[in-house]
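Student: Okay, sequence plus prediction incoming.
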Amino acid sequence: MAGIIAIVGRPNVGKSTLFNRLTGRREAIVDNTPGVTRDRIYAAAEWLDKSFTVVDTGGYTEGSSDDFESEIRKQARYAIDEAHVIILVVDGREGLSPLDEEVADQIRKSGKPHVLAVNKIDSPADDYVIADFLKLGFNDVFPISAVNGHGTGDLLDKVVGHLPCEADKSLDFTEDLPKICVVGRPNVGKSSFLNALTGRDQHIVSDVAGTTRDAVHTRYNMFGFDFYLVDTAGLRKKGKVSEDLEFYSVMRAIKSIENSDVCILMIDATRGIEAQDLNIFHLIEKNKKGVVIAVNKWDLTDKTQTTASEFRKAILERIKPFTDVPILFTSSIEKTRLLKTLQEALEVYKRRKVRIPTSQLNETLLPIFENTPPPVYKGKTVSIKYITQLPTPRPQFAFFCNLPQYIKEPYKRFIENQLRSMYDFTGVPLDIYFRKK
Ligand SMILES: Nc1nc2c(ncn2[C@@H]2O[C@H](COP(=O)(O)OP(=O)(O)OP(=O)(O)O)[C@@H](O)[C@H]2O)c(=O)[nH]1
Ligand SMILES: Nc1nc2c(ncn2[C@@H]2O[C@H](COP(=O)(O)OP(=O)(O)OP(=O)(O)O)[C@@H](O)[C@H]2O)c(=O)[nH]1
């Protein structure tokens, strides 16, 4: 993953519609928890060979003391601070508003890459409408229809051109050491966890500040482990502005995840697993990073013998279908299982690097596929001929077969389960491809 694209604009111009189109998500994340006002402000997306994260700055916080105009200014400012590219959306049917001009001004002055999307132009015949918006002074102006997709391809071509290259990131480190981060909603205890674990910075080997644009990697050597903890600006900084917290925490989470190999997703035992936790989990999974779930503040729960197993079950139910994930119950305050959590994260790191020899893969898996072949599809027998693990930094497997297009999701999942039952990939997302042979 490389980079964050932020969608900014007045209410009702079509930001959410554009967000859905870019991220290919139609369905809202279902959540019955009250108080979740922004349930899907970011998601992973792909265009051409780039994958990135799209952030929708819409839906200002209900009950905020600010009027919506200052809220929008504020969100534009965050987007400017945090994103790599900004899409300003305006309403092509309504024409320019003073607020559009003000926000455009703010964005232009920032020097961050930006484009203007003139939305609700549902037919190319109406493209001329963009003339009204040229006075905003943007160099790149696209007539689009977020509803039917008109113009969004051209928009994306331009936008992804502004994203940083993946290669920029990976080569900042000479040492091949695990990069671990702790992510989670505000107040779950991330700082307390890190502080309790690392003590008063006595284990710090080096502070590699500024090695990547977005994150600080601090190298630690303790308990016999050598690793980086990835921190994004402000993770340990106190002084919170409550209404802005969710937005900042999301931005931080995205950046931390992108900069790590393994993420410790911390959730709050007193609240259970919520929509925002799931969002972060899916972001980790989409980014194909290793994951460990830490259920923190475990000291605050009323425990019976079954509490932990019930909790575990509830989490597994919510994170389906990727459930091969370590779950630990921690207390940052009582310092329970903190080291264990770190150890587990380092184990996940190792599993993510495992290479299985082709001969071994074929010996173990081919007999299974012979016994339980893919279902016959359109009268054709599908057979898997051989399997190989690709020489990539994380586990990716290619399955060569006669009719790859006939292998459907359930069988793919069966294959993944077989792989997971034979080899330990706990906490590691796998990629499985089918190729013609
Ligand atoms: N005709 C047309 N209508 C659109 C288009 N894009 C969005 N709309 C409509 O405009 C309305 C507002 O769209 P949203 O995506 O909710 O706008 P938003 O900017 O996210 O609004 P907030 O959540 O209030 O910030 C909806 O009724 C959409 O169906 C478009 O390309 N063409
Ligand atoms: N009882 C109990 N309280 C905890 C635990 N972990 C953290 N807390 C408390 O929860 C509050 C939030 O902890 P932080 O460590 O600041 O949480 P955070 O996730 O870093 O919060 P942000 O900086 O807002 O992202 C503090 O008052 C902590 O003392 C825990 O394991 N048990």
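Tutor: Now that the structure is in, tell me what you want to look at. Numbering: from 1, shown residues only. Ligands and ions are numbered 1, 2, ... in the order given.
Student: who in this protein is up against ligand 2?
Tutor: Counting by C-beta under 6 Å from any ligand atom, the chain comes close to ligand 2 at 184, 186-192, 240, 249, 296-297, 299-300, 331-333. Every residue, glycine included, has its C-beta placed from N, CA and C.
Student: filter those to the buried ones?
Tutor: 184, 188-192, 249, 296-297, 299, 331-332 (16 or more other C-beta atoms under 10 Å).
Student: Quick check: the residue of this protein nearest ligand 2.
Tutor: Residue nearest to ligand 2 within the chain (C-beta to the nearest ligand atom): residue 189, separated by 2.7 Å.
Student: who touches residue 134 in this structure?
Tutor: By C-beta atoms under 8 Å, 6 or more residues apart in numbering, the contact list for residue 134 reads residue 141.
Student: Output the below-cut-off pLDDT ranges for the stretch 201-350 of the chain.
Tutor: 201-216, 231-249 (pLDDT under 70).
Student: about what we covered before: output those of the buried ones among the residues of the chain next to ligand 2 also counted as contacts of ligand 1.
Tutor: Counting by C-beta under 6 Å from any ligand atom, no member of those is near ligand 1.
Student: Am I right that the residue of the chain closest to ligand 2 is in contact with residue 297?
Tutor: Yes: at 6.0 Å, residue 189 and residue 297 qualify as touching, with contact defined as C-beta atoms under 8 Å.
Student: Tell me the residues that contact both of the two, please.
Tutor: With C-beta under 8 Å, 6+ apart, residue 189 and residue 297 have common neighbours 268, 332-333.
Student: Make TSV out of these and add secondary structure.
Tutor: Listed next are those as TSV, based on DSSP: H, G, I helix; E, B strand; the rest coil:
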residue	secondary structure
268	strand
332	coil
333	coil
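Student: What segments of the stretch 101-250 of the chain are helices?
Tutor: 152-161, 166-170, 190-198, 245-258 (DSSP state H, counting those that start in this stretch).
Student: Run the contact check for stretch 105-117 versus ligand 1.
Tutor: No: remark: stretch 105-117 sits outside contact range of ligand 1, by C-beta under 6 Å from any ligand atom, the gap being at least 9.6 Å.
Student: tell me how far the ends of that stretch are from each other?
Tutor: Chord length of stretch 105-117, first to last residue, is 15 Å (C-alpha to C-alpha, to the nearest Å).
Student: Over to stretch 331-345?
Tutor: Stretch 331-345 end-to-end distance (C-alpha to C-alpha) = 17 Å.
Student: And the residue nearest the centre of the chain, how close does it get to ligand 1?
Tutor: Closest residue to the average C-alpha location of the chain: residue 283 at 2.5 Å, with C-alpha atoms, centre = their mean. Using C-beta to the nearest ligand atom, to the nearest Å, residue 283 is found at 20 Å from ligand 1.
Student: Wait, that residue touches residue 253, no?
Tutor: Yes: contact criterion C-beta under 8 Å: residue 283 and residue 253 qualify, at 7.0 Å.
Student: can you list the residues of the stretch 101-250 of the chain near ligand 1?
Tutor: Residues of the stretch 101-250 of the chain lying near ligand 1 (C-beta under 6 Å from any ligand atom): 119-120, 122, 145-147.
Student: sorry, back to before: check contacts around the residue nearest to the centre of the chain.
Tutor: Contacts of residue 283 (C-beta under 8 Å, 6+ apart): 42-44, 53, 253-254, 257.
Student: hang on, it in a helix?
Tutor: Yes: residue state for residue 283 (three-state DSSP) corresponds to a helix.
Student: per-residue pLDDT, the residue nearest to residue 124 when sequence neighbours are not counted?
Tutor: Computed as C-beta to C-beta, 6 or more residues apart in numbering, the closest residue to residue 124 that is not its neighbour in sequence is residue 150, at 6.4 Å. Turning to residue 150, the model gives it a pLDDT of 92.
Student: Any idea how many residues pack against residue 150?
Tutor: Using other C-beta atoms under 10 Å, the number of residues around residue 150 comes to 19.
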